[in-house]
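*Asks:* A structural model of the following input is requested.
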Amino acid sequence: MTVDPLDKLLQALNRSACDPRRNGSGWSAKCPAHEDKNPSLSVDKGVDGRVLMTCHAGCPVEAITDALGLSLGDLFSKTDGTKRTKRIDRTYEYVDASGAVQYQTVRYSPKDFKQRRPNGSGGWIWNLKGVEPIPYRLPELLKGAAGGDWVFVVEGEKDADCLVGKGLVATCNSGGAGKFPPSHAGFFSGAWVAILPDNDEPGRRHAAQVASILQRSSREVRVVELPGLADKEDVSDWFIKGGTVDALLHLTAEAGAWSPSGGAAATADREAGPQGQPADPTRRPVSICMADVVPEHVRWLWYPRIPLGKLTVFDGDPDVGKSTVTIDLSARVSNGCPLPDGTRSDLEGPAEVILVSAEDGAGDTIRPRLDAAGAAVERIHLLTEVDYVDDNGCLRRRPWTMQDLDVLKLLVLEHRAQLVVIDPLMAFLPSSVSSYSDQDVRGALAPLARLAEETGAAVVLVRHLNKAGGGNALYRGGGSIGIIGAARSALLFAKDPSDPSGDRKVMAREKGNLAPAWISLAYELVPSEEHGCARVRWLGESAQTAATLLAVPASSEKASAIDKAAAFLRETLGDGPVAQKQIVDEGRKIGISEKTLQRAKKDINVRSCKVGLGEWLWELPPEDGQVTTDDNVGRVGHLQHDQEIRADEGDQTLEGGHFEAEAMFNPLVLHCEVCEQPVLGEDRQTGLPWHESCRPEPTAEEFDAEYSKEAWA
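*Replies:* Prediction:
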């Protein structure tokens, strides 16, 4: 007796407690392929007797029949004469760093793929809604990256398993070619990556996509073309044709580092591969014949002030509206509106903007300012943090810094952003970078300049002025001269000295390598009552220049070098005591003499102490309530007494008469730089590192030109 396909399905639904019920001309039931509290499965009968079935939550028909213990063939009338069955051929598990299954890719025969995730009760939900994608074989990937092995990236799970079976580290993304998510980049941090494309155009496009995503986070990326493959064949076919592991490693070692301009890059600083494999046995110069270079015109976000694809610096004191001006420009870019002087950018309509801010809150400051400026906020994105995988394979999150430029580049490329604002620059420099070291700063900004060039985005760096008065505007920005040296354009923001109220501000040209000099623009900050913040009102041209904005009385200019030295000392000593010799050496590198450092040291009450009979250390004065080195006297192991040594003690002997001896070897007691004896009593009250009787007289060679002998006295 022939069983009707619809009856067979309804019986199976009843057995699975799916509660099928009549609904119009058809039936409705709970879907057995997912946790279904409300009936989402619709069932009906086709004109040829076949069952028509739809899960409105998106479950595939195969998943529903599998859950009911049926085959696809059971949905068709036997008189149909057509055999239409699929079976699960293999499942590939995607596990996190701890080995827990997050989801599966299911391969069917005939060839087809579906994805499913655990439902928490032993079953499966046939979609990946809310699941963060991870690379295939993640634990092996993380271990291989940490161990310096080649990590091979292929197009599918079958090829990855083939390589793993031969003792190699291999991975892929779920979903196939063209679906490698940028979020995978963090898992490849520091890895040697070799991409093995399938031998067809989609495979080569996929390899280029993966390489561009992994280039910044990995140590190096290579794309390895396997010889002898027919069209659409892959690495598994290559091994079937006689390929070996040794041959694959040799091809990988010979492949060049991938570059966005196309294929391998021949670079002079290319490193050797893992396991001692030489990447390039020779070092050769790479040059470009200028006759082969096609001239290009500079494109402008705002001619002649902010070029696209370059770095621009915004300099100014606090409270002159630098950040509010960046918000005004961001709003104009997001809407494609005219710029403050009435001109238009070279952009083709509205564009996306990336903001990086350390000083302003997203909800109480940045968003209200954007709304007040009329921004299209859906085109403006605030970069705040970075997800990464730690040494234990756990996903972590940290604040963004310029060590994470690869993440910034991914965001810029994802949104095709044309303006990036970093405000303020100093807050995002890595802790290893001294903002006063020209070499450190140029090393940190060179990758950012490359990012701007490669993405075509204008990058604006906001910074505060130093405390030195007057002088050339180029030297007034905080930190090293290398910052403004790396920029192609720089704008100065300051109060208009001709406006007694101080409300009128001026944006003036500080530097411009790519365009003629331009006229300054005046502006003011006016309240936006609706949004509870300030917005910019542009007032037209101004006759003020950077020089007139920074002009100060001659008497004030004498203090500029000491102010610079004081700022240097505050930054250098910010994390604790530093050896005097190191401070002097670092100061000389940035043009600060030892005598100027001594004057600044006195001005800001920097303290000196000597470690035993060894080197002198300098440290910043303590803040209120802060434990100081003096507070720790008595806790040092080689002191036998616990009495507190005070600067105002006139009596220089302790009980037992051992004060002088103990003070001599106490690393926390101030010692004279001349006689190396402890500085005590009245001499100590001066805060200077010498006895009054030992006070050194400077030689003529030691004087800076800007200081007189009277000033020293």
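*Asks:* Can you pull out the low-pLDDT segments for the protein?
*Replies:* Residue ranges of the chain with pLDDT under 70: 1-3, 78-85, 261-284, 468-471, 552-560, 611-614, 623-713.
*Asks:* got the domain boundaries for it?
*Replies:* The record, using automatic domain parsing to delimit domains, assigns the chain the ranges 5-87, 138-258, 313-550, 558-712.
*Asks:* Next, format those as JSON lines and append mean neighbour count and distance to Lys129.
*Replies:* Yep, even glycine has a C-beta here, placed from its N, CA and C like the rest. JSON lines is the format used below for the domains of the chain (neighbours: other Cβ atoms under 10 Å; distance: least, Cβ to Cβ, whole Å):
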{"stretch": "domain 5-87", "mean neighbour count": "16", "distance to Lys129": "8"}
{"stretch": "domain 138-258", "mean neighbour count": "19", "distance to Lys129": "14"}
{"stretch": "domain 313-550", "mean neighbour count": "18", "distance to Lys129": "19"}
{"stretch": "domain 558-712", "mean neighbour count": "15", "distance to Lys129": "47"}
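*Asks:* so which of those comes closest to Trp126?
*Replies:* domain 5-87 (4.1 Å; Cβ to Cβ).
*Asks:* how far does that closest one stretch from start to finish?
*Replies:* By Cα to Cα, to the nearest Å, the extent of domain 5-87 from end to end equals 19 Å.
*Asks:* Quick check: what element follows the lengthiest helix in the chain along the chain?
*Replies:* Among the segments of the chain that qualify as a helix by DSSP state H, the longest is helix 438-455. Downstream of helix 438-455, the next assigned helix or strand under DSSP states H and E is strand 458-463.
*Asks:* strand partners of that next one, parallel vs antiparallel please.
*Replies:* Its sheet considered, strand 458-463 pairs with strand 311-316 (parallel), strand 417-423 (parallel) by DSSP bridges.
*Asks:* what's the angle between the last one and helix 438-455?
*Replies:* Using axes from the mean of the first three to the mean of the last three Cα atoms, to 10 degrees, the interaxial angle of strand 417-423 with respect to helix 438-455 works out to 160 degrees.
*Asks:* hey, C-alpha coordinates of strand 417-423 in PDB?
*Replies:* C-alpha atoms of strand 417-423 as PDB (Å, rounded to 0.1, in the frame of the first residue of the first chain):
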ATOM      1  CA  ALA A 417      36.300  56.700   4.700                       C
ATOM      2  CA  GLN A 418      37.900  59.900   3.300                       C
ATOM      3  CA  LEU A 419      38.600  61.700   6.600                       C
ATOM      4  CA  VAL A 420      40.300  60.300   9.700                       C
ATOM      5  CA  VAL A 421      40.700  62.500  12.800                       C
ATOM      6  CA  ILE A 422      43.000  61.500  15.700                       C
ATOM      7  CA  ASP A 423      42.400  63.800  18.600                       C
END
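*Asks:* ok, and what's touching that strand?
*Replies:* Applying Cβ atoms under 8 Å, 6 or more residues apart in numbering, the set of residues contacting strand 417-423 from outside is 301, 308, 322-323, 326, 329-330, 333, 347, 351-360, 381, 408, 411-412, 428, 452, 455-462.
*Asks:* Just the ones in helices from the residues you listed, please.
*Replies:* 322-323, 326, 329-330, 333, 408, 411-412, 452, 455.
*Asks:* mind putting those in CSV, distance to Pro139 included?
*Replies:* Output for those, formatted as CSV (distance: Cβ to Cβ, whole Å):
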residue, distance to Pro139
Lys322, 47
Ser323, 44
Thr326, 44
Leu329, 46
Ser330, 42
Val333, 44
Leu408, 29
Leu411, 28
Val412, 32
Ala452, 37
Thr455, 34
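*Asks:* Tell me the one among the residues you listed nearest to Leu128.
*Replies:* Of the ones in helices among the contacts of strand 417-423, the one sitting nearest to Leu128 (Cβ to Cβ) turns out to be Leu411, at 23.2 Å.
*Asks:* Quick check, the closest one in contact with Val353.
*Replies:* No - contact criterion Cβ atoms under 8 Å: Leu411 and Val353 do not qualify, at 11.0 Å.
*Asks:* which SS state does Lys129 fall under?
*Replies:* Here Lys129 is recorded as coil under DSSP: H, G, I helix; E, B strand; the rest coil.
*Asks:* from here on, count from 46
*Replies:* Let's use 46 as the start, then, which means that last one is Lys174.
*Asks:* Would you check how far apart it and Leu86 are?
*Replies:* Distance of Lys174 to Leu86, computed by Cβ to Cβ, to the nearest Å: 18 Å.
*Asks:* again with Arg132
*Replies:* If you go by Cβ to Cβ, the gap between Arg132 and Leu86 works out to 22 Å.
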